[in-house]
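Colleague: everything below, folded, please.
(one chain, ligands or ions: 1)
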Amino acid sequence: MNAAEIISRKRDGLALTAAEIEFMVAGFVDGRVERPQMAAWAMAVLLRDMNTDEIVALTQAMLYSGQRFQWPSGRPKVDKHSTGGIGDKISIPLAPLWGACGLDVPMISGRGLGATGGTIDKLESIGGYRTQLSMDEFREQVNSMGVVIAAASAEIAPADKELYALRDVTGTVPAVPLITASILSKKLAEGLDALILDVKWGNGAFMKTSADAKRLAESLVRVSATMGVPTKALVTNMNQPLGKMVGNCVEIEESESILRGAGPSDVRELTLRLAAEGLLLGGISPDLQSAITLATNKLDAGEAWEKYEAWIQYQGGDRKQIVSRAAESVWRADRSGYLSTIDTEQLGYAVIDLGGGRRQQGQAIDHGVGFEIEVRLGDRIESGQALARIFSRSGVDSIIKRLQAAFVISEQPPQLEPLVLEESGLFKLGTSADG
Ligand code: URA
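Modeller: Residues are numbered from 1 along each chain as shown. Predicted coordinates:
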């Protein structure tokens with residue numbers, strides 16, 4: 001096969017065969033397809049799109065570029081993937097909650113990407129917690145105690161690692177077929193019985209409009225279900241941070257408060273809702289209402305907390321050695337009115353300014369910096385009221401300037417969007433209906 005010919009066919013809007021897609025992916029990994037060719041192909045995909053059969057072929061090629069977990073029969077294996085947001089710490093309470101309800105959670109997670117935080121970075125606020133596990137260690141922990149959250153090892157979907165790095169520098173990240181295959185090639189390597197997707201929309205998300213988020217959700221559900229994994233997606237609101245805490249150690253603190261039956265209501269609600277969807281799809285509960293009841297009971301009875309402590313300890317973490325918050329400054333309102341908009345992405349960039357996220361790959365981060373946001377969209381604000389606490393190692397003048405630009409206080413209260421906007425149905429297994 002000839003890479004230039006395959007690129008030209010996609011450039012002209014034609015559907016590629018599975019063999020052509022497999023050639024591009026395998027060829028990129030082994031050097032037969034050169035980087036400029038792969039970049040041109042990715043751009044052609046971005047501009048010309050792919051049908052479901054093509055995305056399935058791409059996901060398969062990327063998945064089979066590495067190894068996959070296979071599990072002996074036992075407790076159902078379930079995972080959740082979020083497309084990323086600000087203050088999104090849900091995986092941390094959700095994984096042990098699922099574990100307490102009878103599911104196994106073999107979760108491979110990521111670091112911060114762009115303005116959004118990453119579960120692996122947050123967990124590294126806990127002294128000793130090991131995020132890099134070998135395939136054997138990962139397998140052993142799932143079999144022994146049922147809950148793992150670790151970074152992807154080199155054996156998992158290596159083609160995605162290469163292609164993602166190329167997309168990052170060629171303007172080809174925001175292509176639904178490429179995002180779908182990238183996410184699913186890693187998640188399906190976990191050998192799951194069910195997958196729950198939290199596709200974020202809004203000004204703190206990758207997908208700025210609910211229409212784009214819905215399109216991504218449908219693509220993810222359709223491809224994942226076609227590949228044999230029952231999958232459900234929720235499209236959820238990221239027009240303000242999830243919960244109050246944004247950063248690393250502070251998000252561990254907030255996750256722990258959720259596991260103790262307290263914490264902000266939006267984080268609790270979304271944790272319980274996603275937990276219930278997993279209990280339903282994983283075959284533990286017969287309907288959503290009984291799934292919500294089971295998850296609520298396990299959370300409030302302290303069983304999810306016990307599972308959390310067991311999991312963190314099993315993975316080497318010492319909860320007595322969680323990084324402490326940096327010094328606190330309070331940012332106050334300089335006018336009265338209603339909080340009408342938060343440019344949520346700016347909060348993510350502000351965490352990077354504080355040193356809590358990366359400007360370059362591999363950069364060390366400060367787990368003790370971040371924010372506690374004291375107000376929610378629609379709140380009545382009085383001049384002088386505390387809007388946020390800033391945890392910082394140095395002066396906060398430039399941070400406050402960024403916050404002032406990001407938080408809009410108006411005369412009129414805003415129209416509020418719901419936390420969960422849409423559900424993307426579970427497509428029938430084995431179907432590949434397009435569009
Ligand atoms: N997250 C991924 O893992 N891949 C993408 O392409 C986008 C977000």
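
Colleague: report all helices and strands that the helix or strand harbouring Val221 contacts.
Modeller: Take DSSP states H and E as the rule and Val221 turns out to sit in helix 210-226. If contacts are counted by 3 or more C-beta pairs under 8 Å, 6 or more residues apart in numbering; DSSP states H and E, helix 210-226 sits against helix 52-63, helix 176-187, strand 194-201, strand 231-237, strand 420-424. Where C-beta positions appear, they are placed from N, C-alpha and C, glycine not excepted.

Colleague: tilt between that helix and helix 52-63?
Modeller: Relative orientation of helix 210-226 versus helix 52-63 (axes from the mean of the first three to the mean of the last three C-alpha atoms, to 10 degrees): 70 degrees.

Colleague: sort out which residues of helix 210-226 are buried, please.
Modeller: Residues of helix 210-226 classed as buried: 210, 212-226 (neighbour count, 16 or more other C-beta atoms under 10 Å).

Colleague: nearest the geometric middle of this structure, what residue?
Modeller: Nearest to the geometric centre of the chain sits Ser82, at 2.9 Å (C-alpha atoms, centre = their mean).

Colleague: gap between the residue lying closest to that one once chain neighbours are set aside and Leu234?
Modeller: Leaving aside its sequence neighbours, Ser82 sits nearest to Asp198 (C-beta to C-beta, 6 or more residues apart in numbering; 4.2 Å). Distance of Asp198 to Leu234, given as C-beta to C-beta, to the nearest Å: 6 Å.

Colleague: averaged pLDDT, stretch 88-99. What do you get?
Modeller: Stretch 88-99 comes out with an average pLDDT of 98.

Colleague: how about that stretch, which residues are buried there?
Modeller: For stretch 88-99, a neighbour-count test (16+ other C-beta under 10 Å) marks 88-99 as buried.

Colleague: is any residue of that stretch near the ligand?
Modeller: No: if you take C-beta under 6 Å from any ligand atom as the test, stretch 88-99 misses the ligand, and the best it gets is 12.8 Å.

Colleague: contact partners for the nearest residue to Gly337 once chain neighbours are set aside?
Modeller: The shortest distance from Gly337 to any non-neighbouring residue, by C-beta to C-beta, 6+ apart, is to Ile409 (4.2 Å). For Ile409, the residues meeting the contact criterion (C-beta atoms under 8 Å, 6 or more residues apart in numbering) are 333, 335-340, 381.

Colleague: kindly report the same for Leu58.
Modeller: By C-beta under 8 Å, 6+ apart, the residues touching Leu58 are 21, 25, 50, 177-178, 181.

Colleague: any idea how far it is from the ligand?
Modeller: Distance, Leu58 to the ligand, by C-beta to the nearest ligand atom, to the nearest Å: 12 Å.

Colleague: and Gln360, by the same measure?
Modeller: Separation of Gln360 from the ligand (C-beta to the nearest ligand atom): 18 Å.

Colleague: is that residue in a helix, a strand, or coil?
Modeller: The three-state assignment at Gln360 reads coil, by DSSP: H, G, I helix; E, B strand; the rest coil.

Colleague: that older thread, so what sits against both of Asp198 and Leu234?
Modeller: Common neighbours of Asp198 and Leu234 are listed as Leu274 (criterion: C-beta under 8 Å, 6+ apart).

Colleague: of the contacts of Ile409, which belong to strands?
Modeller: Within the contacts of Ile409, residues falling in strands by DSSP state E are 337-340, 381.

Colleague: tabulate the residues you listed (CSV), appending neighbour count.
Modeller: Putting those into CSV (neighbours: other C-beta atoms under 10 Å) gives the following:
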residue, neighbour count
Gly337, 17
Tyr338, 17
Leu339, 21
Ser340, 18
Ile381, 20
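
Colleague: and this structure, which residues reach the ligand?
Modeller: Contact residues, the chain versus the ligand (C-beta under 6 Å from any ligand atom): 164, 173, 178-179, 182-183.

Colleague: neighbour-wise, which of those leads?
Modeller: Ile183 (24 neighbours; other C-beta atoms under 10 Å).

Colleague: what's the burial count for the nearest residue to that one once chain neighbours are set aside?
Modeller: Leaving out its chain neighbours, the residue that sits closest to Ile183 by C-beta to C-beta, 6+ apart is His81, at 5.9 Å. Residues near His81, counting by other C-beta under 10 Å, number 23.

Colleague: just checking, what packs against the host helix or strand of His81?
Modeller: Per DSSP H and E: His81 is located in strand 78-82. Contacts defined by 3+ C-beta pairs under 8 Å, 6+ apart place strand 78-82 against helix 91-100, strand 105-109, helix 176-187, strand 194-201, helix 265-281.

Colleague: repeat the analysis, applying 6 Å as the threshold.
Modeller: When contacts are defined as 3 or more C-beta pairs under 6 Å, 6 or more residues apart in numbering; DSSP states H and E, strand 78-82 packs onto strand 194-201.

Colleague: OK, contacts around the residue in the stretch 101-250 of the chain positioned nearest to the ligand?
Modeller: Closest to the ligand within the stretch 101-250 of the chain is Ser182: 3.4 Å, counting by C-beta to the nearest ligand atom. Residues near Ser182 by C-beta atoms under 6 Å, 6 or more residues apart in numbering: 160, 164.

Colleague: residues in contact with the residue nearest to Glu411 when sequence neighbours are not counted?
Modeller: Of all residues not flanking Glu411 in the chain, Gly337 sits nearest, at 5.6 Å (C-beta to C-beta, 6+ apart). By C-beta under 6 Å, 6+ apart, the residues touching Gly337 are 381, 409-411.

Colleague: okay if I get these as CSV plus pLDDT?
Modeller: Output for those, formatted as CSV (pLDDT from 0 to 100):
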residue, pLDDT
Ile381, 98
Ile409, 98
Ser410, 97
Glu411, 97
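
Colleague: which ones among those map onto helices?
Modeller: Members of the contacts of Gly337 lying in helices (criterion: DSSP state H): none.

Colleague: those residues in strands, which ones?
Modeller: 381, 409-410.

Colleague: for the ligand, see how far away Asn297 is.
Modeller: Relative to the ligand, Asn297 is positioned 33 Å away (C-beta to the nearest ligand atom).

Colleague: what residues sit buried inside the helix or strand hosting that residue?
Modeller: If you go by DSSP H and E, Asn297 is part of helix 288-300. Under the neighbour-count criterion of 16+ other C-beta under 10 Å, helix 288-300 has 291-292, 294-296, 298-299 buried.

Colleague: and for it, what are the contacting residues?
Modeller: Residues outside helix 288-300 that contact it (C-beta under 6 Å, 6+ apart): 97, 100-101, 261, 272, 275-276, 279-280, 285, 304.
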